[in-house]
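> Generate a structure from the sequence data that follows.
(chains A, B and C)
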Amino acid sequence: MATQLIFAIFNALSMGMAIFMVAAGITLIFGLLKILNMAQGAFFMIGAYIAFSLIDHQQLSLLAFIGVALLAGLGVAVLGLLTDRLILSRLRHVDYHYMLIATFALMMVCQGAVKLIWGVNFFSVMPPLVLDQPLQIGTLFLSRYSLFVIAAGLVIYVILEVAIHRLWLGKLMQSLASNPWMSGLLGINVSLGLTFSVMFAFFLAGLAGGLMLPLQSLSPQLGDAYLLYGFFAIIIGGLGNVRGALLGSILLGLVNSLNTILLPEWPGIAIYVVLAVFLFFRPEGLFPSLASQPQSAGEQGSSAMVGNKAHRPAWMVAGALVVVLAASLPLWANGGLLYVAGSAIVYGLFALSWNILFGYTGLASFGHSAFFAIGAYFTGVLLRDWPQVPFLLVLLGCAVFGAVVACLVGALALRRLAGIFLAVLTIALAEVTRLLISYSDFLGREDGLVGIPRPKLAWLGFDLDSSAAYYWFLLAAVVLLVAVLWWVLHGRFGRLLLITRQDPERAAFLGVNVTRVRTASFMLSGAVAAVAGGLYAPWARIVTLEQVSFLASTQPVLNAMLGGVHSFWGPMVGAVIFAVLEYGTRTFVGLSEIMVGALLLLIILAAPNGVVGLWRAWASRARTYRATQRPRETEPESGEPLRESR
Amino acid sequence: MLEVSELNAYYGDAHVLHDIHLKVNAGQRVSLLGRNGAGKSTFLKSVMNAGPTVKGEVRFEGSALNALPAHQRARLGMALVPEDRQIFHHLNVLENIAMARHARAGRQALTPQQIVDRFAMLKPLTERNGGQLSGGQQQLVAIARAFAAGPRLLFLDEPTEGLAPVIVQSMADEILAICNESDAAVLLCEQNIWFARACTDYVYIIDTGRVVFDGDWRSFDASPEITRKYLSV
Amino acid sequence: MDILRVEEVDKNYGALEVLKQVSLSVPAGCIFAIIGPNGAGKTTLFKVMTGESPCNAGNVFFQGENVTRAPAHWRARAGMGRTFQVARVFNDFSVLENVVAAIEARRRYQHQPAGRFWAVEPAREVLAEAHQLIADIGLATVISHAARFLSHGDRKRLEFVIALALKPRVLMLDEPTAGMSPADRLGIADLILRIRDQMGVTVVMTEHDMDIVFRLADRIMVLSYGETVACGGVADIKGNPAVQEVYLGKEMNHA
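Numbering: from 1, shown residues only, chains lettered A, B, ... in the order given. Next up is the predicted model:
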């Protein structure tokens, strides 16, 4: 018994230290730059791959092994330099959500690049020579290599603590972080300092990747788990605090170790329960963090959601034409094109649901695929096992299911530090959904649900079995939903959401219960996303775990950003454009992550208001041009300042 | 030493400073007076290139500064003590002062300990963290900190704000003593005319972003309507 | 009756005591000014009263109810309006939309009709109320301008309109004339007087500009290093030697 206990604690510690090595980098970047770096796990993974390429199949001596890890760290630090110069430094003065999305996009690019360079196969590396035999203490066999990981974690912790609290360098960095403006006036090169700290945090990620390479097999999924655990550790420990990250990591290790002993058939679930409990009872973490919620500079959130009302009739005609064109598709398009079109319609609705949260309420969800999957699996199961349930009732069920889940997540996430917590918790939601599905025979585990039958609308006498029939149903349903959403979001409720986005504190002093409004918005968003999933399942006739992946969660973000988050129609426009792009480049499979991620980065850096934003800017410039051509005939119309200015 | 010509400054779309001309000779003490919101702080920030968008020319010791970033201006020997002090809360008094040595760039300067010894009020506080100081103490630390860089030109933004008159008197003596020794020039932004008179020998007055008067104290006193028009609160 | 009362409030940031046993009471219908040197704790006291930052000890009563722990939206609903030091309005909205949003917010929590939930345009009575308020404050000429393009003074006015749209009992003003031109200051001062005289709103303000304070305030409280130095009418304060020492002394040197 005692042996078992010691063994469990030993495992907990080694896992805890492994998590800590990733969490330390995340917490450093957050403490210094107020960025939650979603790409930290991916760079950890790249560090591991670099080390793998250097080691190959040899078995190294301990020293050479550490040397390789340091080299991996340096390689990743160079990537950090590029990242900072090309991306982060350009986004320092905009709303932090754009930074979150940018690092999320960067993570996709990294994953795609890894797949492209090293392939999707699993690799493994032997521990260095001295560490490959277990250590025997009495009857106890402990892995020397795990001991090494624990020691390495402790060494890194001590170095960080000393550097931050004892060395001048650490004090300098804290000064930079707490007051960059004054630091500059005191002769400190702020932007160099920030670049240096980003590089250091990336170095830590790469080093950790190298050191922990032999701990598990290497695959492109390696970064995901560590990223999540790293986030959880710093949430539990207190954001931006190294000691908190260490304790949080060890706690997670212990929880996971207990989980494998007590609930071996549900590996990895207990951590989520502990996280939820922590967020509920101690949202500020073990150690109150120095960092407060980053201020939204809001520079890019600079647009009214309303276009020029005078142009509405023209746009209505255009909209009607688009609907007619879409409705005529089954009559002339081939099956492939029809499938892409149907999917684009669903993804448009999905993107719109994401933008209810982001564009209207100023909150970003990074695990929106969870809601989509909830709707898709719910519908799939009902159609497969209980086809007698009316389909419209099934869709209503999706909406309720999505809203309830959103309400639960919102209750945990929207209390303090709303933006950051929601980002992490939505990722966690997607991950826990994925885990639960993969453990359930009923939901088809890794294989998903296949051969989902299409529904019949019995009381209307419609059979939606053919693609064309279901496509028309899909189109009608989405048009109807979008119309309802348009009304809701352009009226009183929309204005309520918009004022909480623009200035939550000011809104609170107007008697608005900001938490409730945000929760309501999140529920609406979750419900619509689930309905989109519900519509999708019978269309694709197959639902798999792919629907809960990071890539799937990026899809609505990308579509909304591509079209323009400051416009109601932006997400739909984006979905259509992306579908066209995808249809055009469908032969380049395997590049999807790089393409999606890079496109997203490009939009954030170059055209943060998306295609609709570009269009509005162009239209307004054209109008000013025409106005100057007609000298002084008319004053600029009074509605002018309402519109997009950049 | 400092020569500003045709300086215009903007915050976003707001045009805050209009065609400012201003000169500080080596070792000279100059006041910049004006009401709250007249543009004094904006002017100092513009000269340091730390905040507003700036058009116009700023020359320091003969060379045009153009788009030189704030930290390099600091290294040239310009030190700004901002009105809201901006003390680092996680550092103690000595460390706060030492932080400014990054701008020393090889110039002669007093060590942090020497500086603390010169300010009577700071001596008992050296180990205290910035966050635990009162407003007045923070003000002194901010001024003391500026000296750690061995500045050639010191910008003081309303240093007397929030200080008791007794402290103001001794502070004036302490500042002037160090400036005299190191032959540093001073540009002082103030609302407190009494203090400005005690410290400086030339006056600029700005109002709503424009220079409306410049001259020595005698010509200032010769036209009392200026005080009434631009300075009375 | 005292509409707002603060009892023995303490506030520390770490080891630094910002407020020490501060008490005050504001009679309904008066203009109450809090003055003091920078760092005296004015802003902190203000934040304690508006609920922006919690105090370590003591209580805040609003209309007889203990609101020490009440969140911002609760205080707003109970009738506490406020403005910020740097005007905070909804930048993406036009002046009209700003005011409409505020009126709709009030009607929602007061359970008054605010138009149909699905109606895109605001209800007629809401629009009428908004136009009336905007005209009263003198923003009618810029009614359809986006708030981000307004001048400093107009933004401040808009913030007043937003606060007044809630029909508050008390209006909390944090340095209402900070960073304004003299002409704008006088305009704001007149506005504050009008708000009190015509709408019967009690005003609590912090302010640097002595001229404004002496012109407007019925009662003045002087803070220094987190402690009350004096509290009374304009004449009391002007003649109080303790006040002269901590604050007014240097102003007197001007003349």
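
> Just give me the neighbour total for A:Ala560.
Neighbour count for A:Ala560, taken as other CB atoms under 10 Å in any protein chain shown: 31. (Glycine included, C-beta is placed from N, CA and C.)

> give me every residue that touches it.
Residues near A:Ala560 by CB atoms under 8 Å, 6 or more residues apart in numbering or on different chains: A:Ala351, A:Leu352, A:Trp354, A:Asn355, A:Phe358, A:Gly359, A:Gly570, A:Pro571, A:Gly574, A:Gly610.

> rerun that using 10 Å as the cut-off
Contact partners of A:Ala560, counting by CB atoms under 10 Å, 6 or more residues apart in numbering or on different chains, are A:101, A:348, A:350-359, A:567, A:570-575, A:603, A:610.

> Roughly how far does it sit from chain B?
A:Ala560 sits 27 Å away from chain B, going by CB to the nearest CB, to the nearest Å.

> quick one: what helix or strand has that residue in it?
Using DSSP states H and E, A:Ala560 sits in helix A:550-563.

> Next secondary structure after that helix?
helix A:570-584.

> helices and strands around that next one, which ones?
Here helix A:570-584 touches helix A:312-332, helix A:335-355, helix A:467-490, helix A:550-563, helix A:592-606, helix A:610-629, going by 3 or more CB pairs under 10 Å, 6 or more residues apart in numbering or on different chains; DSSP states H and E.

> Flag every buried residue along the last one.
By neighbour count, and taking 16 or more other CB atoms under 10 Å in any protein chain shown as the criterion, the buried residues in helix A:610-629 are A:Gly610, A:Val611, A:Val612, A:Gly613, A:Trp615, A:Arg616, A:Ala617, A:Ser620, A:Ala627.

> from these, which single one is nearest A:Ser124?
For the buried residues of helix A:610-629, the closest approach to A:Ser124 (CB to CB) belongs to A:Gly610, at 43.4 Å.

> Can you check the pLDDT for the residue nearest to the spatial centre of chain A?
Against the mean C-alpha coordinate of chain A, by CA atoms, centre = their mean, the closest residue is A:Phe366 at 3.0 Å. We have a pLDDT of 86 for A:Phe366.

> now that we're looking at it, which residues does it contact?
Counting by CB under 10 Å, 6+ apart, A:Phe366 has contacts A:36, A:38, A:100-101, A:104, A:107, A:354, A:422-430, A:550, A:553-554, A:557.

> what about it, which SS state?
What DSSP: H, G, I helix; E, B strand; the rest coil gives for A:Phe366 is coil.

> And it, how far from chain B?
From A:Phe366 to chain B the distance is 32 Å (CB to the nearest CB).

> Neighbours of the nearest residue to B:Ala98 once chain neighbours are set aside, how many?
The shortest distance from B:Ala98 to any residue other than its chain neighbours is 4.7 Å, reached at B:Pro112 (CB to CB, 6 or more residues apart in numbering or on different chains). Look at B:Pro112: counted by other CB under 10 Å, it has 22 neighbours.

> do B:Lys45 as well
There are 23 residues near B:Lys45, going by other CB under 10 Å.

> wait, doesn't C:Phe46 sit right on C:Cys55?
No: under the criterion of CB atoms under 10 Å, C:Phe46 makes no contact with C:Cys55, lying 11.8 Å away.

> Between these two, point out the one with more neighbours.
Using other CB under 10 Å as the criterion, C:Phe46 and C:Cys55 rank with C:Cys55 on top: 24 against 21.

> So the more buried one is in contact with C:Tyr13, correct?
No: here C:Cys55 lies out of contact with C:Tyr13, judged by CB under 10 Å, at a distance of 11.6 Å.

> shared neighbours of the two, which are they?
Residues touching both C:Cys55 and C:Tyr13 (CB under 10 Å, 6+ apart): C:Thr44.

> I'd like to know which helix or strand in chain A has the lowest mean pLDDT.
helix A:610-629 (a mean of 74; mean pLDDT, DSSP states H and E).

> Could you give the number of residues near B:Ile143?
Around B:Ile143 there are 23 residues (other CB under 10 Å).

> before we move on, what SS does it have?
helix.

> Just list the residues touching it, thanks.
Contacts of B:Ile143 by CB under 10 Å, 6+ apart are B:79, B:81, B:85, B:97, B:115, B:119, B:122, B:154, B:156, B:159, B:171, B:174-175, B:178.

> For these, pick the one with the most neighbours.
When neighbours are counted by other CB under 10 Å, B:Ile97 leads the contacts of B:Ile143 with 29 neighbours.

> can you tell me the helix or strand for it?
Secondary structure assignment for B:Ile97, by DSSP H and E: helix B:93-99.

> follow-up on the earlier one: pick the most deeply packed of the helices and strands packed on helix A:570-584.
helix A:550-563 (a mean of 26; mean count of other CB atoms under 10 Å in any protein chain shown).

> Only C-alpha atoms, please: export it in CSV.
Output of helix A:550-563 as CSV, limited to C-alpha atoms (Å, rounded to 0.1, in the frame of the first residue of the first chain):
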residue,chain,number,x,y,z
PHE,A,550,-9.0,23.0,-32.6
LEU,A,551,-9.3,23.3,-36.3
ALA,A,552,-13.1,23.1,-36.1
SER,A,553,-13.1,25.8,-33.4
THR,A,554,-11.0,28.1,-35.5
GLN,A,555,-13.4,27.8,-38.4
PRO,A,556,-16.0,30.3,-37.1
VAL,A,557,-13.3,32.7,-35.8
LEU,A,558,-11.7,32.7,-39.2
ASN,A,559,-15.0,33.1,-41.1
ALA,A,560,-16.1,35.9,-38.9
MET,A,561,-12.7,37.7,-39.0
LEU,A,562,-12.5,37.2,-42.8
GLY,A,563,-15.9,38.7,-43.4
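
> Start from the N-terminal end of the stretch 1-150 of chain A and give the strands.
Here the stretch 1-150 of chain A has its strands, by DSSP state E, counting those that start in this stretch, at A:134-137, A:140-143.

> Deepest-packed of these, please.
Looking across those with neighbours counted as mean count of other CB under 10 Å, the highest average goes to strand A:140-143: a mean of 15.

> Direction included, what does it pair against?
Paired neighbours of strand A:140-143 in the sheet (DSSP bridges): strand A:134-137 (antiparallel).

> Tell me which residues are up against the strand it pairs with.
Applying CB under 10 Å, 6+ apart, the external contacts of strand A:134-137 come out as A:Ile6, A:Leu140, A:Phe141, A:Leu142, A:Ser143, A:Arg144, A:Tyr145, A:Ser146, A:Leu147.
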